[in-house]
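Colleague: show me the folded form of this:
(one chain, ligands or ions: 1)
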Amino acid sequence: MTSPLRLGTRGSTLALAQSQLTADALTAATGRPVELVRIVTPGDRSSAPVAQLGVGVFVSALRDALLAREIDFAVHSYKDLPTATHPGLHIAAVPPREDPRDALIAKGGQTLAELPPGSVIGTGAVRRIAQLHALGLELQVTPIRGNIDSRIARVHGPEADLDAVVLARAGVVRIGRAADIAETLDPMLMLPAPAQGALAVECRADDSDLVELLAALDHAPSRAAVLAERAMLATLEAGCSAPVAAHAELAEGEDGDEIYLRGAVISPDGVRAIRLSRTGTPADAAEIGKALAADLLDAGADTLIGSTE
Ligand SMILES: NCc1[nH]cc(CCC(=O)O)c1CC(=O)O
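Modeller: Sure thing, here's the model as predicted:
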């Protein structure tokens, strides 16, 4: 009998769902048992709003537990990871990505086009706020925080006080609330956050047996898409402070696979946006992302002022 691998997880519904999904996939692929180890983070103990603490506190607590050898691996929402690599740790797998698009949850199942002018929509991310303003639908956008269930409860439930909320479709699906989605937003209207919908499976870099084992979960097209989107983000972080959005698609071209990367930098009021795209081969994913960021900066992305939430 091999002892179970210890998968460290936060206690939120989304974190538990993502961790259990990954544990089951690993056991199915390799036969190794996995046990979930609950990590209580300073963010879980604090009553301060998450937007103030930043998702970084959750990531740090899991990474500290990894480096302290209290757990063997962890599963993160990839979009919550800082773009810099962490010394001593390794992303051993990027499992098949969920749909990266954003989703609208609205009263009476209304779509964006059906929401009357003046409707109040809640969302926390400056990227979503900016793109909602850019639609010119006279929607009122209000910042909200909290976990996915509590955001959905702002629309559906006894305490409902908003007409709609915008969330990552992947998170809503993973916690089993897909039926509440009124509309999945076309990336032409709402370009997703870099790496949205993707997971990162992380372990210690020197744990070579586990690095090899976790590779069974890796999905090369998902990894390439995320690599392109985050390479773009990393380059832009150094040169601009406005909200950034990115979406990479992989398609079979005439001469093999092709990656199509779209990127946007939007002023927080939605008035100005720079949107560009690039194509290339998945093997050059990082280079495509860097080149697209350079194109965006050349087009004036650095002149769009924003906050880096
Ligand atoms: N910022 C919080 C966060 N981190 C990951 C997800 C959803 C799942 C994902 O994108 O993988 C969410 C919630 C949201 O943005 O609606």
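Colleague: nearest the geometric middle of this structure, what residue?
Modeller: residue 196 (2.8 Å; CA atoms, centre = their mean).
Colleague: what's the distance between that one and the ligand?
Modeller: Distance from residue 196 to the ligand, counting by CB to the nearest ligand atom, to the nearest Å: 4 Å. Placement of C-beta: from N, CA and C, glycine included.
Colleague: check whether that residue sits in a helix, strand or coil.
Modeller: coil (DSSP: H, G, I helix; E, B strand; the rest coil).
Colleague: give me the element residue 277 is part of.
Modeller: In the assignment (DSSP states H and E), residue 277 maps to strand 273-280.
Colleague: returning to that earlier point: surely the residue nearest to the centre of the chain touches residue 80?
Modeller: No. With contact defined as CB atoms under 8 Å, residue 196 does not reach residue 80; the gap is 10.0 Å.
Colleague: could you point out which element follows the strand holding residue 277?
Modeller: Following strand 273-280 in sequence order, the next helix or strand is helix 285-298 (DSSP H and E).
Colleague: sheet-wise, list the partners of the strand holding residue 277 with their directions.
Modeller: In the sheet, strand 273-280 lines up against strand 256-266 (antiparallel) (DSSP bridges).
Colleague: would you mind listing the buried residues in the partner strand?
Modeller: Under the neighbour-count criterion of 16 or more other CB atoms under 10 Å, strand 256-266 has 259, 260, 261, 262, 263, 264, 265, 266 buried.
Colleague: repeat for stretch 61-74
Modeller: For stretch 61-74, the neighbour count (16+ other CB under 10 Å) marks 61, 62, 63, 65, 66, 71, 72, 73, 74 as buried.
Colleague: isn't residue 294 right up against residue 232?
Modeller: No. Residue 294 is beyond contact range of residue 232, at 9.4 Å (criterion: CB under 8 Å).
Colleague: please consider this matter closed, and thank you.
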